[in-house]
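# Pasting a predicted model and its sequence here:
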Amino acid sequence: MRTFVTLFILLLAWAQTLTAQTLSVATVTRPPFSFTENGRDTGFSIELLGELTDRLGWEYEVNRVDAFSDMLGQVQGGEADLAIANISITAAREIDMDFSQPIFESGLQMMVHVDDLQSPSLLKAVLSWDLLAAIGIAFVLLAGGGMLMWTFERRAQPYFDRPLKEAWFPSFWWALNLVVNGGFEERVPRTPIGRMFGVVLVVSSLFVVSVFVAKITAVMTVDAITGSVNSINDLYGKRVGTIKGSTAAGFLDRREIEYRDYNGLTDLIDAFETGNIRVVVFDAPILSYYATHEGARFGRTVGSVFLKENYGIIFPEGSPRVEEVNRTLLALREDGTYDAMYRRWFGARD
C-alpha cells in the first residue's frame, strides 16, 4: 500500500512538473509584431502571447533568432514548443507543423522609395539639362542665322540697315519670329541669297519645334516610367526586393517578376535604404509600421493590400497545446481583450 501511495505521489509531482515547465518560444524580429525595446521583448504578438500564457498558467522564455527559417526550423525540429511573430498560415507549413487559429488578418503590400514618388511635371521636363542644352544651341543658331541675314540684307532691307553693334538683337528677333510666326511680310528678304536663306530657316524651324516637343515628351515619359509604382503590373522591370522563402517571394515567383531576395528583414531594409532596391514587397502591417516610424524618410506604402493571408501561432506537429491555445484565443476575442490589444497597436479597424 505504501508503495502504491509513493508511486501516486511521484506521478502527481511529475505531472505538476510538466504542467509548470517553462515553454521555449521561438520568435524573430518583425516590428510591430515582435521586437525588443529597452531590452524587453514587445510587440503585438508578444503581448498576445503574454495574455494567452497568463490565462493558461504557463511559464515561457523567448528565444529570439536571426532568421525566419531558423524560427520555423526550431519548431519543426522540436527545439521550441511554439513560435510566434508574423507567421503566415500556409498549406506547405501545415504539412510539418500545426497552426493555431488565426491571430491576425494580413496581406502583402508594396513600399516605394520616396525619391520615386514624384509625379511627372512640365517644370521638371523644362529644367532638365538635356533640354536646357538644346535651348542654348537653338539660341546660338537663331542668333547666328539672324546675323547672316543682316550680312546679306543690310544694304537691301531697311530693317537690317543698322551698324553691327546695334544689329545683333533685331537680327536675332527677326530670326526668332521667322521660326515661330513665319516672319514679317514687310521685312521679306530682298536679295536672292537672303531669300534662299530665309526659306531654309523657315523649313528648318519645323524640325526645331518638333525637337523641342519631342524632348519634353521624352523627359516626361522617362519620369513616368521611373516614377511611382501603383499596381502589381508596375513591378516588371523595377528593382524589387523581398525576403527569401516568404509568401511574398512565392507570389513574385508565380507572377514571374524578377526580384532580389534577402535572408532577413534587416538586410532587406538596408538594401532599400541604400537604394540597391527601389520597391519592397512584403507583409503589409510590417511595411506600414516601418514607413510610419523609422523609415518615414525612406519609403511610402502604395496600392492596396493584396494576397490576403492570416498569421497564426505555430507548434510542433501533434502538439497537445494547440487546442488549449485555440480555446483561449476564442475567449480573448469574445471578451474584447483581443480588440483592445489590436487598437493599441494598429488603431481602429477599417
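Alright, I've got the coordinates.
# now the strands for the stretch 101-250 of the chain?
Listed from the start of the chain, the stretch 101-250 of the chain has strands (DSSP state E, counting those that start in this stretch) covering 104-113, 240-243.
# Please identify the deepest-packed of those.
Comparing these by mean neighbour count (mean count of other C-beta atoms under 10 Å), strand 240-243 comes out on top with a mean of 24. (C-beta placed from N, C-alpha, C; glycine too.)
# For that one, report the contacting residues that lie outside it.
68, 248-249, 252, 257-265, 268, 271-272, 276-282 (C-beta atoms under 8 Å, 6 or more residues apart in numbering).
# do that again at 10 Å, thanks
The contact list for strand 240-243, computed with C-beta atoms under 10 Å, 6 or more residues apart in numbering, reads 30, 67-69, 108, 110-111, 229, 248-252, 257-265, 267-269, 271-272, 276-283, 286.
# Now, those that are in strands?
Secondary structure of the contacts of strand 240-243 is defined by DSSP state E; positions in strands are Leu108, Met110, Met111, Arg260, Asp261, Tyr262, Val279, Val280, Val281, Phe282, Asp283.
# Those, buried ones only, as a PyMOL selection?
Per 16 or more other C-beta atoms under 10 Å, the buried members of the ones in strands among the contacts of strand 240-243 correspond to this PyMOL selection:
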select buried, resi 108+110+111+261+262+279+280+281+282+283
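# buried residues in stretch 281-292?
Result for stretch 281-292 [16+ other C-beta under 10 Å]: buried residues Val281, Phe282, Asp283, Ala284, Pro285, Ile286, Leu287, Ser288, Tyr289, Tyr290, Ala291.
# again with stretch 51-64
Going by neighbour count (16+ other C-beta under 10 Å), the buried part of stretch 51-64 is Leu52, Thr53, Arg55, Trp58, Tyr60, Asn63.
# Check the ones in strands among the contacts of strand 240-243 and tell me the two furthest apart.
Arg260 and Asp283 (17.4 Å; C-beta to C-beta).
# Double-check Phe251 against Met110; I have them as touching.
No. Phe251 lies out of contact with Met110 (C-beta atoms under 10 Å); the separation is 11.1 Å.
# Quick check: neighbours shared by the two?
Residues touching both Phe251 and Met110 (C-beta under 10 Å, 6+ apart): Ile232, Val281, Phe306.
# can you redo those residues as JSON lines with distance to Asn86 and pLDDT?
Formatted as JSON lines, these follow (distance: C-beta to C-beta, whole Å; pLDDT from 0 to 100):
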{"residue": "Ile232", "distance to Asn86": "21", "pLDDT": "91"}
{"residue": "Val281", "distance to Asn86": "15", "pLDDT": "97"}
{"residue": "Phe306", "distance to Asn86": "16", "pLDDT": "93"}
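# List just the nearest of these to Ser24.
Checking the shared contacts of Phe251 and Met110 against Ser24 by C-beta to C-beta gives Val281 as the nearest, at 32.0 Å.
# related to what we said a few turns ago, of the strands of the stretch 101-250 of the chain, which is nearest Leu332?
Across the strands of the stretch 101-250 of the chain, closest to Leu332 is strand 104-113 (C-beta to C-beta), at 12.5 Å.
# what two of the buried residues of stretch 281-292 are the furthest from one another?
Val281 and Tyr289, at 15.8 Å, using C-beta to C-beta across the buried residues of stretch 281-292.
# all helices of the stretch 1-150 of the chain, in order?
2-19, 44-56, 68-76, 91-96, 122-126, 129-153 (DSSP state H, counting those that start in this stretch).
# Where does the record place the domain boundaries for the protein?
If you go by automatic domain parsing, the domain ranges for the chain are 2-103+312-346, 113-118+229-307, 122-225.
# mind checking the end-to-end distance for the second one?
Taking C-alpha to C-alpha, to the nearest Å, the first and last residues of domain 113-118+229-307 lie 22 Å apart.
# Can you tell me the centre-most residue of this protein?
The centroid of the chain falls nearest to Met111 when counting by C-alpha atoms, centre = their mean (1.9 Å).
# residue contacts, that residue?
229, 241, 269, 272, 278-282, 284, 286-288, 290-291, 295, 298-303.
# Please repeat the previous calculation with a cut-off of 8 Å.
So Met111 contacts Phe272, Val279, Val280, Val281, Phe282, Leu287, Tyr290, Ala291, Gly299, Arg300, Thr301, Val302 (C-beta under 8 Å, 6+ apart).
# would you turn the residues you listed into CSV with distance to Arg327?
Shown next, in CSV, are these (distance: C-beta to C-beta, whole Å):
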residue, distance to Arg327
Phe272, 41
Val279, 42
Val280, 37
Val281, 36
Phe282, 32
Leu287, 33
Tyr290, 34
Ala291, 36
Gly299, 40
Arg300, 41
Thr301, 35
Val302, 40
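# of all those residues, which comes closest to Phe197?
Using C-beta to C-beta, Val279 comes nearest to Phe197 of the contacts of Met111, at 54.1 Å.
# That closest one against Val112, yeah?
Yes. Judged on C-beta atoms under 8 Å, Val279 makes contact with Val112 at a distance of 5.5 Å.
# what sits in contact with each of those two?
Joint contacts of Val279 and Val112 (C-beta under 8 Å, 6+ apart) are Val229.
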